[in-house]
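In: below are the sequence and a predicted model for it; my questions follow.
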Amino acid sequence: MTKRRYVLMAMAGVAGVGLGTLPAWWVQAQRGTELTLVAYAVAKPVFAKMIPEFQKQWQARTGQRVTFKESYGPSGAQTRAILGGLEADILAQNIQSNIDPLVEKGLVRPDWQQRLPNRAIPATSVMVLVTRPGNPKNIRTWSDLIRPDVEVLLINPKTSGNARWGILAGFGAVQKTVGEAKAQEYLNRLIANTKVLATSGRDATDKFVKNRIGDVMINFENEVLFLNEAIPRDFPYIAPSPNVQVDFPVTVIDRVVDRRGTRTVAEAFTRFLFSRRGQEIYAETGYRPYDPEVRKQFAQRFQPVNRIYKISDFGGWAKVNALLFADGALFDQAQRAAARVGP
């Protein structure tokens, strides 16, 4: 008989109860716990390293085995899946506005950003321009994307937070430097140069690398760093300035963890993302960690950007979505204009 089992039986005997009525945390420690992690499409490489580190530390500290079910997909679709009944203990998103509907429906408590450091954002990134090897079109800036000789592989902002950041980065850079009229012109010409809309950041990478669609792809910096480590051919990238700080918020799904009794371990996992080791894993997998010491340690891994705007500089996601991505907003208008012109 194991020591742990003996202690459980002794507790049950003293209390005059069966094992089934012992405290839930004791029972879970014996049988282990399973967590469901739902995340945006390109998050798999970081969590492939993060999860085993957490499992090892958690079992050493508590004796409890934790297993994970994982789901990766377009960020907007992941939120809709949870709203539709997918039982996620933890959600890792690439845009705050994909968590807002879960708060509105009561699945996530309104204080989710106050329960973790840095408003629940363990890491950030910037948007980059990924080109063909050797950069044959000499693409360097946002304005190069609207040249008539350049074909852009863009992600669909109706399905992907990655896409919203990518469109905002160029639109916002033009808006902040030469005004909104020029920014709208930039967006119209960008959409006119876009031949294919990918569904997610990972789908865009597959189409760009495997199907050779486009001269340039807009994607997260962490995704192209992963790409260049995963395949033998290097794809150069440029991080234009101005740029935008991409946030990757994380939260537990309160209604699920409370019903399943997994809050303690789920919250421990989200806190682990902010630990020294968690921050190092983010940096190792291409993200810019929030911890200034870790960021300094890995500074040579990232391209310098002179000016990085935050979403608050554009009035927040509610204002940006209304301007750019709501039904009938500027993105839809640009698509209609491109369709009228034709190929």
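Out: Perfect, I can see it now.
In: going forward, measure contacts between C-alpha atoms and count neighbours the same way
Out: Will do.
In: hmm, who's touching stretch 284-295?
Out: The contact list for stretch 284-295 (CA atoms under 8 Å, 6 or more residues apart in numbering) reads 45-46, 118, 121-125, 221-223, 225-226, 274, 276, 279-280, 282-283, 301-302.
In: could you identify the buried members of those residues?
Out: Applying 16 or more other CA atoms under 10 Å to these, the neighbour count classes 45-46, 121-125, 221-223, 225-226, 274, 279-280, 282-283, 302 as buried.
In: narrow the residues you listed to those in strands?
Out: Using DSSP state E to define strands, the subset of the buried ones among the contacts of stretch 284-295 located there is A123, T124, S125.
In: from T79, how far off is the closest residue to the first one other than its chain neighbours?
Out: Spelled out, it's A123. Nearest residue to A123, sequence neighbours excluded (CA to CA, 6 or more residues apart in numbering): P289, at 4.4 Å. P289 is 24 Å from T79, where distance means CA to CA, to the nearest Å.
In: what is the mean pLDDT for stretch 270-278?
Out: On average, the pLDDT along stretch 270-278 is 98.
In: what is the end-to-end distance of that stretch?
Out: 10 Å.
In: so where do the strands sit in the stretch 101-250 of the chain?
Out: Secondary structure of the stretch 101-250 of the chain, counting by DSSP state E, counting those that start in this stretch: strands at 123-125, 127-131, 152-155, 194-198, 216-220, 237-238, 243-244, 246-247, 250-252.
In: okay, buried residues for the fourth one please.
Out: For strand 194-198, a neighbour-count test (16+ other CA under 10 Å) marks T194, V196, L197, A198 as buried.
In: now for it, which elements pack on it?
Out: strand 152-155 (3 or more CA pairs under 8 Å, 6 or more residues apart in numbering; DSSP states H and E).
In: with only the CA atoms kept, save the strand it packs on in PDB.
Out: Output in PDB follows, covering the C-alpha atoms of strand 152-155 (Å, rounded to 0.1, in the frame of the first residue of the first chain):
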ATOM      1  CA  VAL A 152      -0.100  39.700 -50.700                       C
ATOM      2  CA  LEU A 153      -1.200  36.600 -48.700                       C
ATOM      3  CA  LEU A 154      -3.600  38.000 -46.100                       C
ATOM      4  CA  ILE A 155      -5.500  36.300 -43.300                       C
END
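In: show me what it is packed against.
Out: Judged by 3+ CA pairs under 8 Å, 6+ apart, the packing partners of strand 152-155 are helix 161-178, strand 194-198, helix 201-209, strand 216-220.
In: with L187 as the reference, name the closest of those.
Out: L187 lies closest, by CA to CA, to one member of the helices and strands packed on strand 152-155: helix 161-178, at 6.4 Å.
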